[in-house]
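from the sequence below, what's the structure:
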Amino acid sequence: AEVGWTCPRDRRQYIPVTVTHGEGTARVRPAAAGGSGSHLVASLARAQGLAVVPAEVEGVHPGDALPLLEVMMG
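Numbers count the residues shown, from 1 in each chain. As a prediction, the model looks like this:
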């Protein structure tokens, strides 16, 4: 994670993210500010992938490793 964010307790999250590739790594940040919610569906257009945040995680911190489902374009 490039930035931190909070997560709802006891709920796995699939967060739309933008992805920056580096030397053998990918850094992610939420595609929309303000957390998750169905009202943020417009952020899907900017998303390059989905970060998977396990249910037991209450907050993501910069530098945390997360599974990434990356969207292949083209």
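
ok, longest strand in the protein?
For the chain, the strand with the greatest residue count under DSSP state E is strand 13-21.

any idea which helix or strand comes after that one?
strand 26-30 (DSSP states H and E).

what's the neighbour count on residue 19?
Per other C-beta atoms under 10 Å, the neighbour tally for residue 19 reads 17. Using the backbone N, CA and C atoms, a C-beta is placed for each residue, glycine as well.

OK, contacts around the closest residue in space to it that isn't next to it in sequence?
Leaving out its chain neighbours, the residue that sits closest to residue 19 by C-beta to C-beta, 6 or more residues apart in numbering is residue 48, at 4.4 Å. Each residue near residue 48 by C-beta atoms under 8 Å, 6 or more residues apart in numbering is listed here: 17, 18, 19, 31, 70, 71, 73.

quick one, which of those are buried?
Taking 16 or more other C-beta atoms under 10 Å as the criterion, what is buried in those is 17, 18, 19, 31.

start and end of stretch 47-61, how far apart?
Terminal residues of stretch 47-61 are spaced 20 Å apart (C-alpha to C-alpha, to the nearest Å).

tell me the mean pLDDT for that stretch?
Across stretch 47-61, the average pLDDT comes to 93.

stretch 4-14 now?
The pLDDT scores in stretch 4-14 average 90.
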